[in-house]
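> Using only what follows, build the 3D model:
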Amino acid sequence: QVQLVESGGGLVQAGGSLRLSCAATGRSVSYAVMGWFRQTTGKEREFVATINWSGNTAFYAASVKGRFTISRDNAKNTVDLQMNSLKPEDTAVYYCAAGQTISNLRIGVGDYWGQGTQVTVST
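Residues are numbered from 1 along each chain as shown. Below is the predicted model:
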């Protein structure tokens with residue numbers, strides 16, 4: 001069993017930056033594809049970014065490409081999301097997830113999910 005715990009959310013002004021971190025406990029997730037998703041009230045969960053097990057391949061949603069960067073440290077069992085040039089429309093609860101393949105995780109098919117961390121971007 002794997003537990004994923006997100007941290008780093010908060011309130012930031014538009015144009016600012018935040019770094020989210022996800023720590024995995026219970027067992028190693030170095031084998032797994034990791035990713036970030038977000039969800040706002042009344043909307044479906046949205047794919048943000050995913051990264052393969054070695055950390056050398058990443059995919060991003062068009063809405064965040066060029067502004068967000070996903071990275072992982074398998075020795076520490078963590079995956080981070082660096083968010084720059086934040087916009088009010090980035091406001092959401094951000095979730096960390098672990099899955100078997102990039103193709104599955106990109107469509108929301110994951111094995112484990114965190115509880116989420118709130119990101120609020122003010123104008």
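> Direction included, what does the host helix or strand of Ala98 pair up with?
According to DSSP states H and E, Ala98 maps onto strand 92-99. Its sheet considered, strand 92-99 pairs with strand 33-39 (antiparallel), strand 112-113 (antiparallel), strand 117-122 (antiparallel) by DSSP bridges.
> Next SSE downstream of that strand?
helix 102-106.
> Okay, buried residues for that following helix please.
102, 105-106 (16 or more other C-beta atoms under 10 Å). In short, each C-beta sits where N, CA and C put it, glycine included.
> between the residues you listed, which is nearest Val29?
Leu105 (12.1 Å; C-beta to C-beta).
> Contacts only, for that closest one.
33-35, 50, 97, 99 (C-beta atoms under 8 Å, 6 or more residues apart in numbering).
> For it, which non-adjacent residue is spatially closest?
Gly99 (3.7 Å; C-beta to C-beta, 6 or more residues apart in numbering).
> Which residues are in contact with that neighbour?
Per C-beta under 8 Å, 6+ apart, neighbours of Gly99: 32-35, 105, 109-111.
> follow-up on the earlier one: can you flag the buried ones in the contacts of Leu105?
Buried, going by 16+ other C-beta under 10 Å: 33-35, 50, 97, 99, out of those.
> Quick check: closest non-adjacent residue to Val109.
Gly99 (6.3 Å).
> per-residue confidence at the one you found?
With respect to pLDDT, Gly99 scores 93.
> so what's it bridging to?
Beta-bridge partners, per DSSP bridges, of Gly99: Val33.
> Look up how far Lys87 lies from it.
Using C-beta to C-beta, to the nearest Å, we find Gly99 at a distance of 27 Å from Lys87.
> quick one: the lowest-mean-pLDDT helix or strand in the chain to chain centroid distance?
Using mean pLDDT, DSSP states H and E, helix 102-106 stands out as the lowest-scoring helix or strand of the chain, at a mean of 89. Relative to the centre of its chain, helix 102-106 is centred 13 Å away, using C-alpha atoms, centre = their mean, to the nearest Å.
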